[in-house]
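> based on what follows, work out the 3D shape:
(one chain, ligands or ions: 2)
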Amino acid sequence: MRFEEFLKTGVAIVGGGPAGLLLSQRLHLEGVENVVLECQSREHVLSRIRAGVLEWGSVEVLRDSDVGGRMDTDGQVHDGADIVWSGEHRLTIDTKKYADRPMMAYGQTNITEDLYAARDAMGGVVINEADEVTLRDIDTHHPSVGYTKNGERIRIDCEFIAGCDGFHGVSRQAIPAAKRQEFEKEYPFGWLGILSETPPLPDLIYANSERGFALCSMRNPMLSRYYIQCKLETKLDEWPDDRFWEELKLRFPKDIADAIVTGPSIEKSIAPLRSFVSEPMSYGRLFLAGDAAHIVPPTGAKGINLAISDVFYLSRALVAQIKRGDERYLLSYSDMALRRVWGAARFSWWLTGLLHRFPQQVPFDLRAQEQELSYLASSDTGMRSLCEQYAGLPFEDLG
Ligand code: APR
Ligand code: PHB
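Ligands and ions are numbered 1, 2, ... in the order given. Sure, this is the predicted structure:
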């Protein structure tokens with residue numbers, strides 16, 4: 001190992017997923033120097049398939065970050081989604097009607113590609129394959145991050161550290177355990193998802209069926225995304241494409257099942273469902289954003305939207321502090337971000353409960369689920385509440 005080499009920057013960003021890259025982009029646009037440290041290769045980061053529905057607030061933040069070009073041409077603007085249950089009943093989550101804003105279907109993989117392209121175009125510093133990232137002196141005025149690249153150990157002295165390194169990252173763990181409180185909930189099932197180069201249905205459709213939850217979603221006019229609820233112990237090789245399509249169709253009413261265009265899958269994966277929130281989202285000069293601080297189950301696609309809203313708050317706060325010496329936003333970052341996080345954590349937990357079949361459910365629970373869906377379908381008040389949350393709550397400012 002060679003001697004440590006020293007670099008200096010304003011904000012050291014740990015993690016080059018959507019949260020870290022978007023923060024880097026927004027800080028750079030405001031003239032705040034930053035460096036992103038990502039432990040994986042760029043190819044690896046860009047190969048991950050994740051959710052793909054954006055709240056309008058997220059669309060506006062991406063546009064405002066100069067990364068909205070391809071999203072605005074390729075993204076599918078839609079007024080919400082449908083829910084079907086008991087094989088016949090339907091409701092439309094019409095966010096345009098009840099919350100006055102549409103949604104945008106645009107894959108997280110594309111967002112990450114757009115962010116990498118924008119960082120390259122502006123000469124942003126993103127160091128991929130940065131190994132053994134460590135955070136030091138986060139509770140002092142002189143924090144630093146260290147990493148190893150090509151056998152060389154490098155230290156970056158900085159003013160602030162942004163922990164954007166996802167659920168399995170090191171940043172959250174750098175906060176002493178005694179100063180953190182973690183809230184967690186696991187669900188007794190997962191989602192088996194496929195991507196296929198087939199035309200999607202025109203609308204996003206969620207199903208609560210007696211065989212379990214299912215979802216028809218989209219990426220672009222020739223790329224579809226489908227999910228079915230599965231047991232946690234499910235193995236991918238038990239699910240050849242034919243079996244997947246057959247099971248998917250059994251979970252939808254016949255007219256919808258008949259309209260699903262099947263084809264070979266180009267990706268297939270299983271994701272367990274988890275809710276997790278770690279409080280607070282800051283400690284000393286370390287600020288967490290995105291999955292580093294919270295995980296939501298994918299029902300409602302809130303994960304990417306929360307990463308974007310955290311970054312909106314954090315970039316505003318860091319810019320106010322570094323450029324104007326105004327510390328008020330940074331001091332309130334954790335509380336403000338957590339209010340929005342808990343809104344989405346509660347909503348995605350509730351929507352998961354409404355749409356899935358749980359192993360321990362008794363007939364009473366099933367009737368209650370049906371009743372709640374029927375109530376929503378028949379009540380303007382219920383629909384307004386559902387749509388307001390599905391479409392995403394507004395961003396806050398200081399009072
Ligand atoms: N050092 C450097 N980078 C790290 C480390 C580490 N020790 N550990 C993890 N990383 C990187 C990961 O390789 C990943 O690229 O941090 C990045 C975190 O990215 P994401 O997991 O995508 O999290 P985030 O940017 O917060 O985006 C949240 O991703 O999981 C979805 O549904 C979620 O849509 C949401 C979005
Ligand atoms: C997706 O397209 O991956 C998706 C869409 C809506 C959700 C969850 C995931 O609620």
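> average pLDDT for the helix or strand encompassing I228?
In this assignment (DSSP states H and E), I228 forms part of strand 223-230. For strand 223-230, mean pLDDT is 96.
> Provide the strand pairings for that strand, with the direction of each partner.
Here strand 223-230 has these sheet partners by DSSP bridges: strand 181-196 (antiparallel), strand 212-220 (antiparallel).
> are that strand and ligand 1 in contact anywhere?
No: between strand 223-230 and ligand 1, judged by CB under 6 Å from any ligand atom, nothing touches; the nearest distance is 13.6 Å. (Glycine included, C-beta is placed from N, CA and C.)
> show residues contacting that strand.
The contact list for strand 223-230 (CB atoms under 8 Å, 6 or more residues apart in numbering) reads 49, 52, 107, 189-201, 212-219, 239, 244, 247-248, 251, 260-261, 270, 298, 356-357.
> and the next helix or strand past that strand?
Later in the chain than strand 223-230, the nearest helix or strand by DSSP H and E is helix 241-250.
> just to revisit the earlier point, buried members of the contacts of strand 223-230 into ChimeraX, please.
A single ChimeraX command is used to select the members of these judged buried by 16 or more other CB atoms under 10 Å:
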select :49,52,107,189,190,191,192,193,194,195,196,198,199,200,201,212,213,214,215,216,217,218,219,239,244,247,248,251,260,270,298,356,357
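> what about the helices in the stretch 1-150 of the chain?
Assigned helices in the stretch 1-150 of the chain, in chain order: 18-29, 42-46, 56-64, 69-74, 95-99, 108-121 (criterion: DSSP state H, counting those that start in this stretch).
> and the first one, what does it pack onto?
The helices and strands touching helix 18-29, judged by 3 or more CB pairs under 8 Å, 6 or more residues apart in numbering; DSSP states H and E, are strand 5-14, strand 34-37, helix 108-121, helix 302-324.
> same thing with the second one?
Using 3+ CB pairs under 8 Å, 6+ apart, the elements in contact with helix 42-46 are helix 108-121.
> please see if the helix it packs on touches ligand 1.
Yes: judged by CB under 6 Å from any ligand atom, helix 108-121 comes into contact with ligand 1 at Q108.
> who's I93 bridged to?
A81.
> and of the helices and strands packed on helix 18-29, who's closest to A99?
A99 sits nearest to helix 302-324 of all the helices and strands packed on helix 18-29, at 13.8 Å, using CB to CB.
> the closest one to helix 56-64, inter-axis angle?
On the basis of axes from the mean of the first three to the mean of the last three CA atoms, to 10 degrees, helix 302-324 is oriented at 50 degrees to helix 56-64.
> quick check, distance from helix 302-324 to the centre of its chain.
Chain-centre distance of helix 302-324: 15 Å, with CA atoms, centre = their mean, to the nearest Å.
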